[in-house]
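Participant: Requesting a structural model of the entry that follows:
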Amino acid sequence: MKKIRLSVKEKKITRGVIIFFAIVLVLYGYRCISEKVCEVDTINKFVRHDITITMPNGALVAEVADTKSSRELGLSGRKSMRANEGMLFVFDAPGRYGFWMKDMNFPLDILWINQNGYVVSIESDFTPESYYQKPPKTAINGPEASYVLEMNAGRAEEYGLFLGSRIIISQ
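Facilitator: This is a model prediction of the structure:
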């Protein structure tokens, strides 16, 4: 096999390209792991964790969004979600949290849940089209909430969830 010799200039360029990609990989990896936003659904499933939500008429598995970046991204850009899946937004403190349907592709039921596990506000059948109203529609809770649960539209009623319903969040 013939050995290829690189000039000093080619070696510097090669080394620079390798260092550049290493830095990009490190920065991407840091954001992916620390902020739990990896921009690739398959990788997101590894850095985020799921939790079981038990409700009056069944249970679902919810992906947890517990960092600022993962909460901002939410379900945006996803094509769909299985019937028995959801996303649980976990906040650092009870408060009023507004949601809109930017970059969403399917309608949702959105439930605000207080620190004791009681549903305090519900937005049913919140559609992606609502984002294109002027101004975009924002759904927001009245009473303070510590969690927000998103699920496919119509599922809240099927699970027996109404104002005052209690859910159990299992680790």
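Participant: can we go C-alpha only for contacts and neighbour counts from here?
Facilitator: Noted.
Participant: So which residue is smack in the middle of the protein?
Facilitator: Residue closest to the average C-alpha location in the chain (C-alpha atoms, centre = their mean): residue 74, at 2.9 Å.
Participant: Chain neighbours aside, what residue packs nearest to that residue?
Facilitator: Once flanking residues are discounted, residue 74 sits nearest to residue 65: 6.9 Å by C-alpha to C-alpha, 6 or more residues apart in numbering.
Participant: Check the contact between the one you found and residue 75; I expect there is one.
Facilitator: No - with contacts counted by C-alpha atoms under 8 Å, residue 65 stays clear of residue 75, the gap being 9.7 Å.
Participant: okay, and the common contacts of these two?
Facilitator: Here residue 65 and residue 75 share the contacting residues residue 87, scored by C-alpha atoms under 8 Å, 6 or more residues apart in numbering.
Participant: More neighbours: which of those two?
Facilitator: Each of residue 65 and residue 75 has its neighbours counted (other C-alpha atoms under 10 Å); residue 65 has more, 26 against 22.
Participant: Identify the bridge partners of that one.
Facilitator: residue 89 (DSSP bridges).
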